[in-house]
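[1] Prediction below, plus the sequence it came from.
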Amino acid sequence: MARATWNNTVLAESDRTIVVEGNHYFPPDAIHKEFFKPSQTHTVCSWKGTASYYDLDVGGQVNKDAAWYYPAPSDAAKQIAGYIAFWKGVKVEA
């Protein structure tokens, strides 16, 4: 079971993550949505496509753009469509 935590709070848990480039991508139904706020940030990966981001808000502390996902990835990455990955101090244990 993979688990993502930040500020002593579980953000996501799943035994159905997909690992791509060393990152665990969690299925959309595995996240605790109350901690995720849509961000206006977008980046482009040459092979996965355009990523969208979430800010994390835990107890009033915000971790900007700490989670990302590909809403419409390229065919090469279609298996992670909508799945969420983390960085910026979010601890992921598997």
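    Structure received.

[2] right, and residue 39 touches residue 54 too?
    Yes: because the distance of 5.8 Å satisfies CB atoms under 8 Å, residue 39 is recorded as touching residue 54. Any C-beta I mention is one placed from the backbone N, CA and C, and that applies to glycine too.

[3] more neighbours, these two?
    Neighbours of residue 39 and residue 54, each counted by other CB atoms under 10 Å, are more numerous for residue 54; the result is 23 against 16.

[4] so how far is residue 4 from that one?
    Summarising the geometry, the distance separating residue 54 from residue 4, computed by CB to CB, to the nearest Å, is 12 Å.

[5] residues bridging contact with residue 39 and residue 54, i.e. touching both?
    Both residue 39 and residue 54 are in contact with residue 65, where contact means CB atoms under 8 Å, 6 or more residues apart in numbering.

[6] May I ask which helix or strand encompasses residue 37?
    Here residue 37, judged by DSSP states H and E, is contained in strand 36-45.

[7] following that strand, which helix or strand shows up next?
    Using DSSP H and E, the helix or strand that follows strand 36-45 in sequence is strand 49-58.
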